[in-house]
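Undergrad: any chance you could fold what I've pasted below:
(chains A and B)
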Amino acid sequence: MHEHDVIVVGAGGAGLRAAIAAQEEGADVAIVSKLHPVRSHTGAAEGGINAALREGDSWEKHAYDTMKGSDYLGDAPAIETLCKDSPEEVIQLEHWGLAFSRDEDGRMSQRPFGGMSFPRTTYAGAETGHQLLHTMYEQLVKRGIQVYDEWYVTRLAVSDEEDPTDRECHGVVAYDIKSGGLDAFRARDGVILATGGPGQVFDHTTNAVANTGDGPAMAYRAGVPLEDMEFIQFHPTTLPSTGVLITEGVRGEGGILYNENGERFMFEYGYANNDGELASRDVVSRAELTEVNAGRGIEDEYVHLDMRHLGEERIIDRLENIVHLAEDFEGVDPLEQPMPVKPGQHYAMGGIETDENGETCISGLYAAGECACASVHGSNRLGGNALPELTVFGKRAGQHAAGGDLGTAKIETGKRGDWETGEVDTPVEPGDVSAPGEDVVADGSGGTTTSSGGSLSPEKYVQRALDTERERVESLLEKDEGRQHAEIRADVQKSMTRNVNVFREEAGLKQALRDIRDAREKYQDVYVADKSSTFNTDLIQTIETRNVLDLAEAITLGALARDEFRGAHWRKENQERRDEVWLKHTMLSWEDGRPDLWYRPVVLEGENKTYEPKVRSY
Amino acid sequence: MSTQVPEQTEEESSADTESQSQSAAQQARMEKKRDRAAQRDQQREAEEAEREFSEDGTYLLKVFRYDPEIAGKQEPRFDEFHVPYHTGMTVLDALMYARDEYDSSLTFRHSCRQAVCGSDALFVNGRQRLGCKTQLSDLEEPVRIEPLPHQEVVKDLVVDMEHFYDQMHAVEPYFQTNDLPEGEQLQSRENREKIKMSTRCIWCGACMSSCNIAAGDNKYLGPAAINKAYRFTMDEREGEDMKEHRMKIMEQEHGVWRCQTQFSCTEVCPKDIPLTEHIQELKREAVKNNLKFW
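TA: Residues are numbered from 1 along each chain as shown, chains lettered A, B, ... in the order given. All right, here's what the predicted structure looks like:
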């Protein structure tokens, strides 16, 4: 058994920042990650980091823009924390050497992004995430922080009190991908989940193959609520054949969208008469699909994004990476031709419920970055707000886990304070296929052990989690026939893209739940054909697929429950925002193998003011 | 174990080639890219026309297989997979298809699918390439896919990257300065432009695997690590004394002077980083600073 003060799971931007902060706070910290840190998907982020750095800008303006962009579903204390801390974090990154793009006077460049009242998106070409990831990994090397890379965390070691808010997290269990052994990692002070997004729930996504939502799935099954899972951002400009992202920076610099007839549809069809191409991502995504559905798409699939008029010099200076991406992954030279683009799954606004210090309702368990929901983005994330989220909340989680004093959080977690129960009419029973209490070790949701009611020592909980995982892996490897994960995963991904996409309606959402139920039944028979203990990706992907199932279901349940149109979530039956009913977060708790739906009011009271929901006119 | 050494076909270039100015290099790169794209379009059209007549529309892959503990795979072998082709299909797409449809034990690293995570550098038809960035239509059939040469094979296409990481870590690969202002440091656009290409490295290891010197001298820092050092040495924000400190690391026995300017690293770099030029520039810098060399 390995032992450290703080264990960070995942080594993207949030995980690296958390580890550095925890160490600076004096903790013995280690990172456990299924990928080597530099392979993390933070590296694919292109656009930039929003920070109020310049004269004429302020954190208050950034907070106002973010709250408005969230369509009033963000929590003010989280949003204000993000906006206040971001400038300091950007300066920190600059001090660590990040190669930001520069103005003539040598200061860091900033550019306009959608939904921003000031050009505050600080960037490094169209590869800001790559620069950020590598800069932070360099700091990790400098500090000698231990990394267990290619170790896949499969379970959290959490105590078993009846009420999740009484539970405590004591460590994790991880599988050594290279040599095949399971081992336990005891965390004396805290575990920080920084596992990234769940994009693999969909089949057309900008996310990496590794983005399977492991953190949210593990936290969910350990008793932490998932928050606002229905809010999925579909980015309007992804390459049709691969889902590779074309940054919003292209439109920020002046790129134009055209339909098949060469019409600038954002204006000509009145989708966004003021903001045009820089309208909110959900508006542009729906506009594109509406064009395609009306027969004005190219090859009935996509629209064109044209940046040729910007000129080669400007394109190479600010967007060179895009030239390479379009050429390498779509065979189009954007200096000569418009780029084909269509909406693709890009970002999950929801995730593991945390407060503004990154802590969940389970003591000693934290989450930061895309896997978490503080909630900063509410129902829609603004471009350039994901990278500051990584650094700001990664740092806070690291500090807090290591014993730093950040003051009492204003955001409540778990079923405490103000909350109400919810109900949703589902066509099939969601949750585990097996009855509660049955042996469901094979699909990772439970164990054969009986509850101790919280009476065991931390070491015993960690050992018990390790035993459960051994049983699970052995049972997956023992079987010689059955279903394979690839088939199950593909079925769910297709159904999610068909039914839980940009446009959502009740019948489609119910169909998705049926498909997920089918997939869960098939998963009961899943087996791993590769019996090797060396680099067994068949086994890893089989375990990941179970996580994909739980998250697909959570996203769909939230989408079915919320019968309104807010931010990125559009419902055919109710195409307007309904503040009188829905100014609240959708919460899902895993209780005895069943998702339990409940709600918590949004916190609109900020430090100096209360944010008043305004009619959405953009 | 290691797979066979690739034949060096690149022409040797003289060591005293003056490095081009950054903008000229940029332009050359863009032109190269455009040429490649035009070539590819032509080739693709020709091949697509051909394919219409082909009977099954599949590509034949020959994939290296090895597993230290599975009977039948302990002796390295090549497996054949016939993968149905679609326009735009990459080597990585084909490998994923073969794994998901034919053999779930087929093992390779991959994640982002967009040439930024650097996981899937492979030896494809005798050359180091990123699987995700290589169009099948650019390749001759059968497509032979092997793990990176000069590295221990863990299983199938997965190699041990530890040595590569050790070399990367050996050059103090982090920003250091003795003179940090309160607010942001200023950096000229020219200086940022100078280090830009060097910051693009994705740690895929293609360069190291292609380098004959690294193959013969295990202690040689190698092109990627030297490029990392270049990135900081040339960054004006670090200051002059730090530059001197970095040059001392570079002129050590297994540093820049080992490079014999074969350009193989530059040829294979999927991010078009002028690695050899960067190494040459550091050599010149060393001479300029009157540092002793070996």
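
Undergrad: looks to me like residue A:355 is in a strand.
TA: No - counting by DSSP: H, G, I helix; E, B strand; the rest coil, residue A:355 is not found in a strand; it is coil.

Undergrad: gap between residue A:92 and residue B:224?
TA: According to Cβ to Cβ, to the nearest Å, residue A:92 and residue B:224 sit 26 Å apart. For the C-beta atoms, the positions are set from N, CA and C on the backbone; glycine is no exception.

Undergrad: neighbour count for the two, which is higher?
TA: Neighbours per residue (other Cβ atoms under 10 Å in any protein chain shown) separate residue A:92 from residue B:224, with residue B:224 holding more: 27 against 18.

Undergrad: within the helices and strands, which one has that one?
TA: helix B:222-233 (DSSP states H and E).

Undergrad: what helices or strands is that helix leaning on?
TA: For helix B:222-233, the helices and strands in contact under the criterion 3 or more Cβ pairs under 8 Å, 6 or more residues apart in numbering or on different chains; DSSP states H and E are helix B:162-169, helix B:206-210, helix B:240-250, helix B:275-288.

Undergrad: wait, which of the ones you listed is closest to residue A:506?
TA: When the helices and strands packed on helix B:222-233 are compared for distance to residue A:506 using Cβ to Cβ, the nearest one is helix B:206-210, at 50.3 Å.

Undergrad: tell me what that closest one is packed against?
TA: If contacts are counted by 3+ Cβ pairs under 8 Å, 6+ apart, helix B:206-210 sits against strand B:121-124, strand B:127-130, helix B:222-233, helix B:264-268.

Undergrad: now the helices for the stretch 151-300 of chain A?
TA: When assigned using DSSP state H, counting those that start in this stretch, the helices of the stretch 151-300 of chain A occupy the ranges A:214-221, A:249-252, A:265-268, A:281-293.

Undergrad: report the distance from the third one to the chain centre.
TA: Taking Cα atoms, centre = their mean, to the nearest Å, one finds the center of helix A:265-268 at 31 Å from the center of the full chain.

Undergrad: if I pick the residue nearest the centre of chain B, what's in contact with it?
TA: Central residue of chain B (Cα atoms, centre = their mean): residue B:206, 3.1 Å from the mean position. With Cβ atoms under 8 Å, 6 or more residues apart in numbering or on different chains as the criterion, the residues that contact residue B:206 are B:121, B:128-130, B:148, B:268-270.

Undergrad: please name the nearest non-neighbouring residue to the residue of chain A found nearest chain B.
TA: When distances are taken as Cβ to the nearest Cβ, chain A reaches nearest to chain B at residue A:97, 2.7 Å away. Once its chain neighbours are removed from consideration, residue A:97 has its nearest residue in residue B:175; the separation is 2.7 Å (Cβ to Cβ, 6 or more residues apart in numbering or on different chains).

Undergrad: top of the contacts of residue B:206 by neighbour count?
TA: Most crowded among the contacts of residue B:206, counting by other Cβ under 10 Å, is residue B:121 at 30 neighbours.

Undergrad: for the residue in the stretch 51-200 of chain B positioned nearest to chain A, give me its contacts.
TA: Here the residue of the stretch 51-200 of chain B nearest chain A is residue B:175; by Cβ to the nearest Cβ that distance is 2.7 Å. For residue B:175, the contact set (Cβ under 8 Å, 6+ apart) comprises A:95-97, A:135, A:138, B:232, B:235, B:237-238.

Undergrad: repeat for residue A:582
TA: Under the criterion of Cβ under 8 Å, 6+ apart, the contact partners of residue A:582 comprise A:562, A:564, A:566.

Undergrad: kindly reformat these as TSV containing distance to residue A:430, neighbour count and secondary structure.
TA: Supplementary listing: the contacts of residue A:582 in TSV, determined by distance: Cβ to Cβ, whole Å; neighbours: other Cβ atoms under 10 Å in any protein chain shown; DSSP: H, G, I helix; E, B strand; the rest coil:
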residue	distance to residue A:430	neighbour count	secondary structure
A:562	16	25	coil
A:564	21	17	coil
A:566	22	27	strand
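
Undergrad: hmm, back to that, so which of the helices of the stretch 151-300 of chain A gets nearest residue A:20?
TA: Scanning the helices of the stretch 151-300 of chain A with Cβ to Cβ as the criterion, the closest one proves to be helix A:214-221, at 19.0 Å.

Undergrad: may I see the buried residues of that closest one?
TA: Of the residues in helix A:214-221, those buried under the neighbour-count criterion (16 or more other Cβ atoms under 10 Å in any protein chain shown) are A:214-221.

Undergrad: nearest to residue A:106, of those?
TA: Closest approach between those and residue A:106, by Cβ to Cβ: residue A:215, at 39.4 Å.

Undergrad: surely the closest one and residue A:194 touch.
TA: Yes - look at residue A:215 against residue A:194 with Cβ atoms under 8 Å: they come within range, at 7.2 Å.

Undergrad: what residues are shared contacts of the two?
TA: Taking Cβ under 8 Å, 6+ apart as the contact criterion, the residues that touch both residue A:215 and residue A:194 are A:9-10, A:367, A:371.

Undergrad: which of these has the largest number of neighbours?
TA: For the shared contacts of residue A:215 and residue A:194, counting by other Cβ under 10 Å, the largest number of neighbours falls to residue A:10: 34 neighbours.
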